[in-house]
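S.K.: Sequence first, then the predicted structure, then my questions.
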Amino acid sequence: MEEKFVKLLASGIKKLMKLYTICEPPVTKAIEFLVMNKLYILWFFVYIFISPLLILPFFKSYGTSFGVSIGFYLLTMFIAYVAGDEILKLIENIRPIETKKELEYLNPIFEELYNEIKETVPQLPKIELHIIDEMTVNACAVGHNTVAVTQGAINTFSEEQLRGVIAHEIGHIYNGNTQAVIWNTVGNGVISVYAFIVRFIFNTLFHMQEPIQGKTYGVIYFILNTFYRLFNFIIKCFLFLGNVILSGNSRDAEYEADKFAFDVGYGEELNQALYTLQKISLSPDASLVERMQSSHPRISKRIAEIENMIDSKEPYFALDP
């Protein structure tokens, strides 16, 4: 009897270990996503609970307006999941690599870089390189699998520097930053739609009371205008606060993507690209409000962080060791 119990216990432990082996990677990745994008996720839930208040006057209770709002969010999230990448490409004017020169120069760089990173990070999703026809020196990660570089970046950075910049952008996709941005774009979009509806109703009421404005001595207009201005002020404050909070998360995400580039072996290349970018982007000091809403840290701080990692010669382990 005791021997049978021991066998059952051993079998149960083996099954648990097997289940742990299967579940551990996605659970770990999910936890990393939550930690790296905590402010994005927190603010997304703020959107979810605040937005029903804007349509509450149309329903009997907050619960009903919350249910309607959740339905709208689910629909919007589904659209974002299915077609979000293509919509963002269209909005940002991002196109695929097309010309012979682009194919011959960029494809070998990207394919070699991607395959090298894939060896270090086997769970890296399929990623495609695209181009933005702008002469500003920039690069970005969009949606689930798109990295885009501007014509200005292609013309300005050396081949090695370009590898470092692209590795950084791949880090954004790996860390889930672009997914978190999609969530908050959806949240911001829903709030904006609700705000538009409320403003439309206010403007309709303004027009409706015009014929009787003289009879009411402008009292109704004054009340409506006061509420309208108060509503706009609250929305502006809410969006400004969200911008400040999300910019803080975005700046942290830049450091994490820099560390990703370092971990996969492109820290020095990225560092040189940042030095080049620093030379061509020096401008007068930004105001406090502008710094609060900036999505990127100061370039010199990013360079210093990367140089510390290079000098220490120890991986940061933004990736699983």
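M.R.: Everything's here; your move.

S.K.: wait, what's in contact with residue 162?
M.R.: Contacts for residue 162 were tallied using C-beta atoms under 8 Å, 6 or more residues apart in numbering; they are 109, 149, 153, 154, 273. All C-beta spots, glycine's among them, are computed from the backbone N, C-alpha and C.

S.K.: tell me which element residue 149 falls in.
M.R.: With the criterion set as DSSP states H and E, the secondary-structure element containing residue 149 is strand 146-150.

S.K.: quick revisit: narrow the contacts of residue 162 to just the buried residues.
M.R.: Burial by neighbour count, judged by 16 or more other C-beta atoms under 10 Å, picks out 109, 149, 153, 154, 273 from the contacts of residue 162.

S.K.: Considering those residues, which is situated nearest to residue 33?
M.R.: Top of the list for closeness to residue 33, among the buried ones among the contacts of residue 162 and by C-beta to C-beta, is residue 149 at 25.0 Å.

S.K.: ok, the nearest residue to the closest one once chain neighbours are set aside - how many residues close by?
M.R.: Once its chain neighbours are removed from consideration, residue 149 has its nearest residue in residue 139; the separation is 4.5 Å (C-beta to C-beta, 6 or more residues apart in numbering). Counted with other C-beta atoms under 10 Å, the burial measure for residue 139 works out to 21 neighbours.

S.K.: quick one: the residue nearest in space to the middle of the chain from residue 275, how far?
M.R.: Centre of the chain computed as the mean C-alpha position; nearest residue by C-alpha atoms, centre = their mean is residue 181, 2.4 Å away. Noted for residue 181: a distance of 27 Å to residue 275, by C-beta to C-beta, to the nearest Å.

S.K.: What of residue 309?
M.R.: With distances taken as C-beta to C-beta, residue 309 is found 15 Å from residue 275.

S.K.: okay, these two: which has more neighbours?
M.R.: Taking residue 309 and residue 275 together and counting by other C-beta under 10 Å, residue 309 has the greater number of neighbours (18 against 13).

S.K.: Let me see the confidence value for that one.
M.R.: According to the prediction, residue 309 has pLDDT 91.

S.K.: For the stretch 101-250 of the chain, which segments count as helices?
M.R.: Counting by DSSP state H, counting those that start in this stretch, one finds helices in the stretch 101-250 of the chain at the ranges 151-156, 159-174, 177-209, 219-263.

S.K.: can you redo those helices as a markdown table with mean pLDDT and distance to residue 38?
M.R.: Shown next, in a markdown table, are those (pLDDT from 0 to 100; distance: least, C-beta to C-beta, whole Å):
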| stretch | mean pLDDT | distance to residue 38 |
| --- | --- | --- |
| helix 151-156 | 93 | 30 |
| helix 159-174 | 95 | 16 |
| helix 177-209 | 83 | 9 |
| helix 219-263 | 86 | 7 |
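
S.K.: Appreciated, that's everything.
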